[in-house]
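J.: A structural model of the following input is requested.
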Amino acid sequence: CPIETPEGPNIGLINSLATFARVNKYGFIESPYRKIIDGRVTKEVIYLSAMEESKHYVAQANSSLDVEGRFTEEFVVCRHAGEVLMAPRDHIDLMDVSPKQLVSVAAALIPFLEND
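T.: Now for the predicted structure:
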């Protein structure tokens, strides 16, 4: 989610752009993803809107990779069409650039956020 908003009484009133997100020339928010070519995660980064992302299988940034940049597990946790699922590694075509790209800069400063 490229927009983070607080919970509680202020929900929806205060919005923060997520880390690494950008606004394109048409006003759509885009997030960065690393391309996967022939099963290897590359350093090439592309930016996609939420609508474009839903067509792809996107692995988490902290997925386990070997030294050649290939997934070590047969099935990988990923997002596809708005759902989180386990997909065969050969279905994955994009990878998040950072585990923190789903939260704002302020939220990314919270220590051990993944355990909260």
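J.: spatially central residue for this structure, please.
T.: Asp96 (3.9 Å; Cα atoms, centre = their mean).
J.: which residue packs closest to Ser63, ignoring adjacent ones?
T.: Val76 (5.6 Å; Cβ to Cβ, 6 or more residues apart in numbering). (C-beta placed from N, C-alpha, C; glycine too.)
J.: my read: Arg89 touches Gly69, true?
T.: No - here Arg89 lies out of contact with Gly69, judged by Cβ atoms under 8 Å, at a distance of 11.9 Å.
J.: before we move on, the earlier item: how many neighbours does the residue nearest to Ser63 have?
T.: Residues near Val76, counting by other Cβ atoms under 10 Å, number 22.
J.: same check, this time on Cys78
T.: That count, for Cys78 with other Cβ under 10 Å as the rule, works out to 24.
J.: next, Thr42: secondary structure please.
T.: Here Thr42 is strand, with the state taken from DSSP: H, G, I helix; E, B strand; the rest coil.
J.: also Val67?
T.: coil.
J.: contacting residues for it?
T.: Shown in contact with Val67 (Cβ atoms under 8 Å, 6 or more residues apart in numbering): no residues.
J.: about what we covered before: out of Arg89 and Gly69, which sits in the busier spot?
T.: Of the pair Arg89 and Gly69, Arg89 is the one with more neighbours under other Cβ under 10 Å, namely 18 against 15.
J.: tell me how far that one lies from Glu53.
T.: According to Cβ to Cβ, to the nearest Å, Arg89 stands 19 Å off from Glu53.
J.: just Asp66 next, same as before
T.: 25 Å.
J.: before we move on, what about Ile46?
T.: In terms of Cβ to Cβ, Ile46 sits 10 Å off from Glu53.
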